[in-house]
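*Asks:* Quick one, structure for this:
(one chain, ligands or ions: 1)
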Amino acid sequence: MVEIVVILLMANLFVAKHLDKVCNKEEKLNAVETKQKAVKAGVIQTEAPTQEPRETEASKKEKALKKEAKKLGKSMDEKLRILVNKEHKVPADYKVKLVTYKKTEKIVAKIIRAPLEQMLKDGEKEGLSFQLCSAYRSNKAQQRLVDRDVRKYKRQGLSEEEALEKTYKVVQAAGHSEHATGLAVDIVSDHNTSLNETQETTDEFQWLKAHCAEYGFILRYPHGKTGITGIIYEPWHFRYVGKEAAKFITENQLTYEEFYEMAW
Ligand SMILES: [Zn+2]
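*Replies:* I've put the predicted structure just below:
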């Protein structure tokens, strides 16, 4: 009798345990099914919400740069804020006072005459010899430059379209040249007046590159930045932006396009 009771008890236990397993399995299946339904219905999301990415050193630096650029932008003379490139024309209402430079036939914006004179004078004290080969240029004069280059390339066998494309890599279209603002100048060495990359090797350029920001100028079309400026490397074209902005742009190796984007 006792044996029968023990056997029955064991049998019960087995059944209960087995049932428990079955129930658990069913519960789990139910739970999975419920979750799947909820996902389908959009009640719950399958992925945990992504965590805020930690601020990287690079983005911290960029934030600080932007903040500084904005500050500089606010204090910058309004006449100097102008951006002129392939996309940005000189605005029709842009007015700047033009003056002649040191009794030469060259014309510059009045605002840059004194710093330009000081810069070249200080360079000359170091034994350097500069030539100011281009300064203010009217839109008409700019158009003449474009036409001249297009004619030259067409003589070489290029189509009108090809000639224009080649020209605009070096010469800006009328209305799109910084020279029309009076704020830009082309300065070359007296010993090498070629407007090409050989200018880079002259002592005059090396000195200007190292010191132009102290006088408020920037090298406007730096090496390796054609993708941003749209203009080839021009180790002769300098643009006046004022001392503080020039220092900031030069130290951070920015183009004026990048600065403009951050400042305003
Ligand atoms: Zn130029």
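*Asks:* tally of neighbours for whatever residue of the stretch 151-264 of the chain ends up closest to the ion?
*Replies:* Per Cβ to the ion, residue 237 is where the stretch 151-264 of the chain lies closest to the ion, at 3.6 Å. Any C-beta I mention is one placed from the backbone N, CA and C, and that applies to glycine too. Neighbour count of residue 237, defined by other Cβ atoms under 10 Å: 20.
*Asks:* Now do the contacts for residue 81.
*Replies:* 73, 260, 263, 264 (Cβ atoms under 8 Å, 6 or more residues apart in numbering).
*Asks:* if we look at the ion, which of those residues are close to it?
*Replies:* Among the contacts of residue 81, proximity to the ion is found for none (Cβ under 5 Å from the ion).
*Asks:* Between those residues, identify the one with the most neighbours.
*Replies:* Neighbour count (other Cβ under 10 Å) singles out residue 263 as the most crowded of these, with 21 neighbours.
*Asks:* was I right about that one contacting residue 68?
*Replies:* No - Residue 263 is beyond contact range of residue 68, at 9.3 Å (criterion: Cβ atoms under 8 Å).
*Asks:* circling back to that earlier point, in strands only, show me the contacts of residue 81.
*Replies:* Within the contacts of residue 81, no residue falls in strands by DSSP state E.
*Asks:* Which members of those are the farthest-apart pair?
*Replies:* The largest separation in these, counting by Cβ to Cβ, is between 73 and 260 at 8.4 Å.
*Asks:* Tell me where this protein has strands.
*Replies:* Ranges of strands in the chain, per DSSP E, are 98-100, 107-109, 130-134, 184-189, 217-219, 237-240.
*Asks:* elements contacting the second one?
*Replies:* Helices and strands in packing contact with strand 107-109 are listed as strand 98-100; criterion 3 or more Cβ pairs under 8 Å, 6 or more residues apart in numbering; DSSP states H and E.
*Asks:* and the strand it packs on, which residues are buried?
*Replies:* Neighbour-count burial for strand 98-100 flags residue 98 (criterion: 16 or more other Cβ atoms under 10 Å).
*Asks:* who's in contact with it?
*Replies:* 106, 107, 108, 109, 110, 113, 136, 182.
*Asks:* and what of stretch 189-198?
*Replies:* Taking Cβ under 8 Å, 6+ apart as the rule, stretch 189-198 contacts 128-131, 133, 186, 188, 199, 201-205, 233-236.
*Asks:* Of these, select the buried ones using a ChimeraX command.
*Replies:* Filtering the contacts of stretch 189-198 down to the buried ones (16+ other Cβ under 10 Å) takes a single ChimeraX command:
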select :128,130,131,186,188,199,202,204,205,233,234,235,236
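*Asks:* quick one: residue 112 and residue 238 touch, right?
*Replies:* No - using Cβ under 8 Å, residue 112 is not in contact with residue 238; the gap is 9.5 Å.
*Asks:* any idea how far residue 58 is from residue 251?
*Replies:* 17 Å (Cβ to Cβ, to the nearest Å).
*Asks:* Now do the helices in this protein.
*Replies:* Ranges of helices in the chain, per DSSP state H, are 2-41, 57-75, 110-125, 139-155, 160-167, 203-211, 226-229, 243-251, 256-263.
*Asks:* Lowest average confidence across those, which one?
*Replies:* The weakest mean pLDDT among the helices of the chain belongs to helix 2-41, with a mean of 49.
*Asks:* Would you point out which residue of the stretch 1-150 of the chain is nearest the ion?
*Replies:* For the stretch 1-150 of the chain, Cβ to the ion, closest residue to the ion: residue 134, 5.5 Å.
*Asks:* pretty sure residue 211 is touching residue 120, no?
*Replies:* No - if you go by Cβ under 8 Å, residue 211 and residue 120 don't touch, sitting 10.7 Å apart.
*Asks:* between the two, who's got more neighbours?
*Replies:* Neighbour count, other Cβ under 10 Å: between residue 211 and residue 120, residue 120 has more, with 22 against 14.
*Asks:* Find the nearest non-adjacent residue to that one, please.
*Replies:* Leaving out its chain neighbours, the residue that sits closest to residue 120 by Cβ to Cβ, 6 or more residues apart in numbering is residue 130, at 5.2 Å.
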